[in-house]
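[1] Just to be clear, the model below is a prediction. Sequence and coordinates:
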Amino acid sequence: DDELQTDGNRSGHFQNGELGLAPTNEDVIRIIAAQLAEIGDQFDKEIQGRVVNDLVQHFVNENLSREEIILHMSRVVNELIRSIPSDMEPERAMLVLAMVLTKKIVNTVPSLLHRAFNITVNYMNQQFHNYVVEMVSAVSS
């Protein structure tokens, strides 16, 4: 019933002559996204090209399974979290690092967009699902 528009907004449907929007946590999600983007900009400067190139090679390698790439991404994120000084909670830093790495991979090899996106979403669901739920709950209340 609800459609996602290309600009990221949900479409509305007219009900009894009025535009009805499904209740969402859009404002909460936008607040969280803005915070994560700011952190990502800080981390972006700290990530060396060789780290990205190494990840690109794993994503390009068709012989590697999704699980093998997720394990490698997890190792890289864990190594980076130790090398980048941060006073924030480790889960948030790791979540942002995963997103920044994916952005850098796709900027390096745009044809990897679909694969990198899917693998990163799976990685984040496996590693950070509960953390994301807690984050949304904390901002909502």
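    Alright, I've got the coordinates.
[2] and the residue nearest in space to the middle of the chain, what does it touch?
    When the chain is reduced to its mean C-alpha position, the nearest residue by CA atoms, centre = their mean turns out to be M99, at 3.9 Å. Contact analysis of M99 by CB atoms under 8 Å, 6 or more residues apart in numbering lists L36, G40, T120, M124. Every C-beta, even on glycine, is put in place using the N, C-alpha and C of the backbone.
[3] who's in contact with the last one?
    Shown here is M124, whose contacts under the criterion CB under 8 Å, 6+ apart are L95, A98, M99, V132.
[4] Could you do Q126 as well?
    By CB under 8 Å, 6+ apart, the residues touching Q126 are I70.
[5] one step back: what strand or helix carries the residue nearest to the centre of the chain?
    Assessed by DSSP states H and E, M99 sits inside helix 90-108.
[6] Number of residues surrounding S137?
    For S137, the tally of surrounding residues (other CB atoms under 10 Å) stands at 11.
[7] between the longest helix seen in the chain and helix 90-108, how many degrees?
    Assignment by DSSP state H gives helix 113-140 as the longest helix of the chain. Relative orientation of helix 113-140 versus helix 90-108 (axes from the mean of the first three to the mean of the last three CA atoms, to 10 degrees): 150 degrees.
[8] all numbers from here: first residue = 34
    Right, with 34 as the first residue, what we last looked at is helix 146-173.
[9] quick one: average pLDDT of helix 146-173?
    On average, the pLDDT along helix 146-173 is 88.
[10] So which bits of that helix are buried?
    For helix 146-173, a neighbour-count test (16 or more other CB atoms under 10 Å) marks R148, A149, I152, T153, Y156, M157, Q160, F161, Y164, V165, M168 as buried.
[11] M106: which of the residues you listed is nearest?
    Closest to M106 out of these is Y156 (5.5 Å), distances taken as CB to CB.
[12] what residues are up against that closest one?
    Neighbour list for Y156: I103, M106, S107, A131 [criterion: CB under 8 Å, 6+ apart].
[13] Name the nearest residue to the first one, sequence neighbours excluded.
    Which is I103. Nearest non-adjacent residue to I103, counting by CB to CB, 6 or more residues apart in numbering: Y156, 4.8 Å away.
[14] Much appreciated, bye for now.
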